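Trainee: I'll drop the sequence and a predicted model, then ask my questions.
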Amino acid sequence: MAIDGQFTAYKELAMENIVKFDRNFWKSEEKFAYIGNGELGGKAQGLISVKNIVSQMNIPGIEIFIPKTVVIATDYFDLFMEQNKLYEFTNLESDERIVHHFLKADLPIQLLGDLRAIISEIHTPLAIRSSSLLEDSLNSPFAGIYATKM
């Protein structure tokens, strides 16, 4: 029970000062936004928590720059998997075949407009990272167990 309570408190802290994404995000002072209505992955929650801690620190002579960050919530992953019928391939085939199916799949149309708005505003290198509910959470770091596909 204590671990569940700590995890809930951690998630609530991570969600402080994070706004729902809109197309004016890049013109705002906000640093973090999310797209969707689902959960945020462990890495995203950790980054938001670090941002909150850093913003509360006032160390003279030290400035820490936090780039603008947009997180896609898990409901879009679920929709992506369902729309492309990808769940049926995840346990039955080799990693190479699974990658093939994922690369052929289409992103949810609801997400594409926001992604296009994001990339139209960015004129510097862009980092895209995975952040699963099972990856890098408070009590179970899973760093390095998933392959990254570029």
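Mentor: Okay, I see it. Numbering: from 1, shown residues only.
Trainee: what about residue 120, which helix or strand?
Mentor: Following DSSP states H and E, one finds residue 120 within helix 109-121.
Trainee: What residues of that helix count as buried?
Mentor: For helix 109-121, burial by neighbour count (16 or more other CB atoms under 10 Å) applies to 111, 114, 117, 118. No exception for glycine: its C-beta is placed from N, CA and C like everyone else's.
Trainee: Excluding chain neighbours, what is closest to the last one?
Mentor: Distance criterion CB to CB, 6 or more residues apart in numbering; nearest residue to residue 118, sequence neighbours excluded, is residue 70 at 6.0 Å.
Trainee: Quick one: mean pLDDT over the lengthiest helix in the chain.
Mentor: Looking across the chain with DSSP state H, the single longest helix is helix 42-56. The predicted model gives helix 42-56 an average pLDDT of 77.
Trainee: Tell me the helices and strands packed up against it.
Mentor: Using 3 or more CB pairs under 8 Å, 6 or more residues apart in numbering; DSSP states H and E, the elements in contact with helix 42-56 are helix 2-14, strand 32-35, strand 69-72.
Trainee: give me that answer again for 6 Å
Mentor: The contact analysis (3 or more CB pairs under 6 Å, 6 or more residues apart in numbering; DSSP states H and E) places helix 42-56 against helix 2-14.
Trainee: Doesn't residue 66 lie inside a helix?
Mentor: No. Going by DSSP: H, G, I helix; E, B strand; the rest coil, the assignment for residue 66 is coil, not a helix.
Trainee: any idea how far it lies from residue 58?
Mentor: Applying CB to CB, to the nearest Å, the value for residue 66 to residue 58 is 15 Å.
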